[in-house]
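Undergrad: kindly generate the corresponding structure for this input.
(2 chains)
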Amino acid sequence: MMRRHISQRAAFGLLIAATVVVVVPVIAIIVYMIVSGAPALSWEFLTSPPRMAGKAGGILPAIVGTFYLMLGTVIFALPVGVFAGIYLTEYARDNWLTRLINLAILNLAGVPSIVFGLFGLGVFVMALHFGMSLLSASLTLACQALAMTITTSREAILSVPREYREGSLAVGATRWQTIRHVVLPQALPGIVTGAVLAMSRAAGETAPILVVGAAFLTPGLPTSPFDQFMALPYHLYTAAAHVPGMPRSVMWATALVLLAVVLTFNFTAFFIRLRVRRRRTA
Amino acid sequence: MNSQTFNVDPRQPHLNPPRLRSRQASLFYGKFQALRDISLDIPEKAITAIIGPSGCGKSSYLRLFNRMNDLIPDTRVTGRVELDGNSVYEQDVDVVALRKRVGMVFQRPNPFPMSIFENVAFGPRRHGTKDRKELAAIVERSLRQAALWEEVKDKLHQSGLALSGGQQQRLCIARVLAVGPDVILMDEPCSALDPVATLRIEDLMRVLSAQYTIIIVTHNMQQAARASDLTAFFMMESDRAGVLVESGPTYEIFTNPREKRTEDYVTGRFG
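TA: The predicted structure follows:
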């Protein structure tokens, strides 16, 4: 009797300890970032260009560049991902080719990001002559995001109950009408979630954009897709690694802004999903 | 002149000519034969019940008529399946048009996660009706036909999922009626419903049978006995293929079956 209680307590304690180990670093990082970065954070920091190699001034171009990058990524990755997801779930027959495609998508997700960077350099920057640019970087990140948008679209589409499809087909709707009017509206929250996650990952990527168009300092904000651009993670990397005498508070403030951008997007996805779900059950 | 006559003399119901017909129809899922050589006539404007033990191919047979089996990969149909004398398995058959004429109600009520109005308007919209007034008229007429109008007329814009199970099933019936079918296939429409809701659906079927040709697959023998004009009894053979054992007026099947196996089943000795 007693031994059972003791082992129960031990197990309980172990589980709590493991949970604490997970939570503590997250909180510690955030608190540390806020404490270290807050002194440098100001309205001016967010809205002005950098001066003295980023040691003073602000990070506006990097914020804007990161937003453009996220937008570009989602513009290219989302339609392709959704269409491919629809094709693979609704139309493709289960044969060796489909299985090969599925395998390829799975492996796409596991390719190291710098490899995507080199691919983008070879294809978009050089072969297609898009140059070191926002466009090349968006396309490169979109290639990387495809694995995620396809997979999440597919899961979202598959999670729509068969009964809905049957009900629609049984009143004489075509397959495409069924997809368009029954399946996609149901799958939308899942698709949006995938898209936003792909965007926040694009916001955080450093290695691929390094070789396809990110610059540490640009003369102004990008005015065309063929311009080079600044981006928060790359700015952070260069500031930390290559600028002697960079104030630590500036670095942490930049990191804080990056984190805020990513979290804002994640919360947006969360609320969209919540609203759609509520509307559906109301 | 249809079900009314049946009530007068159940042994010899007056039957309209067949609307649906199968001749030596067999269905294969890959190598597995699910149905073998089913020949059956389904008369117009009457209720035909299909009964039999689980797995005997009742639902598969039902789905031959609106080609819902097509959705499962690797299915093959041999023999002939007809609607109004025309084979439904020809190459040039428009499956979409076929399903508009041959509606289907499923085992679990499956209203779409949309408003009641949109659920009923779904079919007409897909078939090209855009005019709001016309749609509203169709929705009202269909809901009245499905005996649901009085209960939902004040909340047409609420979600169809907020209704009770029996109401949801009637909503699904209204959704089918809205596209103007000739035939309604019902695949165990009451198996998820309580007894009161079940009786309401049966009453509704009786009313609808004045206008529509109805086939109902049911597990519930009392339901077949209560609600149908004709009954077909299916069983599976040793290789698990479904066969038609016997069919005829419901009264005959339940009181004076020709086959021993039918008698054993309807008297509850197995199944």
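
Undergrad: so residue B:41 touches residue B:21, yeah?
TA: Yes: between residue B:41 and residue B:21 there is a contact at 5.2 Å, judged by C-beta atoms under 8 Å. All C-beta spots, glycine's among them, are computed from the backbone N, C-alpha and C.

Undergrad: the two: which is more packed in?
TA: Neighbours were counted for residue B:41 and for residue B:21 using other C-beta atoms under 10 Å in any protein chain shown; residue B:21 has more, 20 against 17.

Undergrad: element containing the more buried one, please.
TA: strand B:18-29 (DSSP states H and E).

Undergrad: name the strands paired with that strand and say parallel or antiparallel.
TA: Its sheet considered, strand B:18-29 pairs with strand B:32-43 (antiparallel), strand B:75-83 (antiparallel) by DSSP bridges.

Undergrad: quick one: buried residues of it?
TA: Using 16 or more other C-beta atoms under 10 Å in any protein chain shown as the test for burial, strand B:18-29 gives B:18, B:19, B:20, B:21, B:22, B:25, B:26, B:27, B:28.

Undergrad: show me what the third one is bridged to.
TA: When bridges are called by DSSP bridges, residue B:20 pairs up with residue B:42, residue B:83.

Undergrad: cool, the last one as well?
TA: Taking DSSP bridges, one obtains residue B:33, residue B:76 as the residues bridged to residue B:28.

Undergrad: relative to residue B:56, how far out is it?
TA: Applying C-beta to C-beta, to the nearest Å, the value for residue B:28 to residue B:56 is 16 Å.

Undergrad: what's the separation between residue B:37 and residue A:179?
TA: Per C-beta to C-beta, residue B:37 is found 37 Å from residue A:179.

Undergrad: same check, this time on residue A:271
TA: Using C-beta to C-beta, one gets 26 Å for the distance from residue A:271 to residue A:179.

Undergrad: more crowded one of these two?
TA: Between residue A:271 and residue A:179, residue A:179 has the larger neighbour count (other C-beta under 10 Å), namely 20 against 10.

Undergrad: so which bits of the stretch 151-282 of chain A are right by chain B?
TA: Counting by C-beta under 8 Å from any C-beta of the partner chain, the residues of the stretch 151-282 of chain A close to chain B are A:161, A:163-164, A:166-174, A:177, A:181-182, A:186, A:280-282.

Undergrad: buried members of the residues you listed into ChimeraX, please.
TA: The ChimeraX selection below is limited to those of these classed as buried (16+ other C-beta under 10 Å):
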select /A:163,164,166,167,168,169,170,171,172,173,177,181,182,186
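
Undergrad: and the residues of the stretch 151-282 of chain A next to chain B, which of them are in helices?
TA: The helices, defined by DSSP state H, take in A:163, A:164, A:166, A:167, A:168, A:169, A:170, A:177, A:186, A:280, A:281 from those.

Undergrad: my read: the fifth one touches residue B:114, true?
TA: No: with contact taken as C-beta under 8 Å, residue A:168 and residue B:114 are classed as non-touching, separated by 11.0 Å.

Undergrad: shared neighbours, the two?
TA: Common neighbours of residue A:168 and residue B:114, using C-beta atoms under 8 Å, 6 or more residues apart in numbering or on different chains, are residue B:122.

Undergrad: for the stretch 1-150 of chain B, what spans make up the helices?
TA: B:3-8, B:58-62, B:95-101, B:116-126, B:132-145, B:149-152 (DSSP state H, counting those that start in this stretch).

Undergrad: how near is residue B:256 to residue B:233?
TA: 13 Å.

Undergrad: residue A:120 too?
TA: 67 Å.

Undergrad: and for residue A:170?
TA: Using C-beta to C-beta, residue A:170 is found at 26 Å from residue B:233.

Undergrad: write out the residues of the stretch 151-271 of chain B neighbouring chain A.
TA: Residues of the stretch 151-271 of chain B lying close to chain A (C-beta under 8 Å from any C-beta) are B:158, B:159, B:161, B:162, B:172, B:175, B:176, B:178, B:179.

Undergrad: what ranges do the strands span in chain A?
TA: For chain A, applying DSSP state E gives strands covering A:50-51, A:56-57.

Undergrad: residues contacting the residue nearest the centre of chain B?
TA: The residue lying closest to the centre of chain B (C-alpha atoms, centre = their mean) is residue B:185, at 2.1 Å. By C-beta under 8 Å, 6+ apart, residue B:185 lies in contact with B:62, B:63, B:65, B:66, B:102, B:103, B:104, B:105, B:214, B:215.

Undergrad: what's the neighbour count on the closest residue to chain A within the stretch 151-271 of chain B?
TA: The nearest approach of the stretch 151-271 of chain B to chain A comes at residue B:179, 5.1 Å away (C-beta to the nearest C-beta). As a burial measure, residue B:179 scores 23 neighbours (other C-beta under 10 Å).

Undergrad: roughly how far apart are the closest residue in space to it that isn't next to it in sequence and residue A:204?
TA: Residue nearest to residue B:179 in three dimensions, not counting chain neighbours: residue B:123, with 3.8 Å by C-beta to C-beta, 6 or more residues apart in numbering or on different chains. As for residue B:123, its distance to residue A:204 is 46 Å (criterion: C-beta to C-beta).
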